[in-house]
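>>> Make a model of this:
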Amino acid sequence: MDLAPVRFGAAAKLMSIQDRCLQQRPLADRAFMDFKYTPAGSLEQRSALARLHGLILEWIELESGPCSLGHEETSRRHQDLLTHSLGL
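Numbers count the residues shown, from 1 in each chain. Sure thing, here's the model as predicted:
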């Protein structure tokens with residue numbers, strides 16, 4: 001079973017890839033529904049893209065190794081930049 005570090009508060013815990021998928025599925029499903037069934041370019045679509053981007057960033061962080069404070073801050077800055085560029 002593949003295990004990956006996941007941040008919960010200040011401590012990193014191990015979570016299987018399957019568990020991570022199950023944890024993210026409701027968020028991904030909601031983003032899909034918001035994107036598919038709302039008007040093109042709407043705030044809901046832009047918000048759905050930002051959520052999807054956040055989910056993808058979690059997998060990038062997982063693949064890039066242990067969570068470090070600097071890496072988390074960079075990811076947060078990327079998420080903030082996307083949110084700002086989408087006008088959210």
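>>> Now for S42, how many residues are close by?
12 (other Cβ atoms under 10 Å). C-betas here are computed from N, CA, C, even on glycine.
>>> Next one: it from G87, what distance?
Distance, S42 to G87, by Cβ to Cβ, to the nearest Å: 11 Å.
>>> And R76, by the same measure?
19 Å.
>>> Comparing the two, which shows the higher neighbour count?
Remark: of R76 and G87, R76 carries more neighbours, 12 against 7, as counted by other Cβ under 10 Å.
>>> Quick check: the more buried one is in a helix.
Yes. Assignment of R76 by DSSP: H, G, I helix; E, B strand; the rest coil places it within a helix.
>>> distance of it from A40?
29 Å.
>>> Give the residue spans of this protein that score low on pLDDT.
1-14, 65-75, 78-79, 81-86, 88 (pLDDT under 70).
>>> Do you have the helices of it handy? List them.
Counting by DSSP state H, the chain has helices at residues 17-36, 43-63, 69-85.
>>> any idea which of those is most buried?
helix 43-63 (a mean of 16; mean count of other Cβ atoms under 10 Å).
>>> Which neighbouring elements make contact with that helix?
The contact analysis (3 or more Cβ pairs under 8 Å, 6 or more residues apart in numbering; DSSP states H and E) places helix 43-63 against strand 3-8, helix 17-36, helix 69-85.
>>> Can you check what angle separates the longest one from helix 43-63?
For the pair helix 17-36 and helix 43-63, the angle between their directions (axes from the mean of the first three to the mean of the last three Cα atoms, to 10 degrees) equals 160 degrees.
>>> packing partners for helix 17-36?
Checked by 3+ Cβ pairs under 8 Å, 6+ apart, helix 17-36 has strand 3-8, helix 43-63 packed alongside it.
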